[in-house]
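quick one: sequence and predicted model below, then my questions.
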Amino acid sequence: MGEKTSADVGVIGLAVMGQNLALNMADHGFKVAVFNRTTQVMRTFVAQHSDTPGGLVGCEGLSDLIDAVKTPRKIILLVRQVRRSMPSSSSSSTPASTTTTW
């Protein structure tokens, strides 16, 4: 699915924050490569938003995502961070993100 070196930026993780971030950038004319651990989530997201001005590039693997983003690569990773205060307490999760350039 990925297009070789055509995207301006990549987003890994398509939960609510990742989808909104990818759409915001695509709506402002940037081509965004997107990857999600669950491939069907990525496929559905790209299909539902095929009309964005910048466009979305669906990537089924991390290597596809890396190949799809122009150098120097700007890739945003959105992950759910789990914090535990005590072994017996229930875990709470908060979103976290990081940006890496290769």
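Done, it's in.

distance check, I12 against A47.
With distances taken as C-beta to C-beta, to the nearest Å, I12 is found 19 Å from A47. Where C-beta positions appear, they are placed from N, C-alpha and C, glycine not excepted.

neighbour count for these two, which is higher?
The neighbour comparison of I12 against A47 (other C-beta atoms under 10 Å) goes to I12, with 21 against 10.

SS state for S63?
Of the three states, S63 takes helix under DSSP: H, G, I helix; E, B strand; the rest coil.

got a pLDDT number for it?
Listed pLDDT for S63 reads 96.

M17 now?
95.

let me know the helix or strand that it is in.
M17 is part of helix 16-27, with elements assigned from DSSP states H and E.

all strands of this protein, in order?
9-12, 32-35, 56-58, 74-83, 92-101 (DSSP state E).

hang on, the earlier thing: report all helices and strands that the helix holding M17 contacts.
The contact analysis (3 or more C-beta pairs under 8 Å, 6 or more residues apart in numbering; DSSP states H and E) places helix 16-27 against strand 9-12, strand 32-35, strand 74-83.
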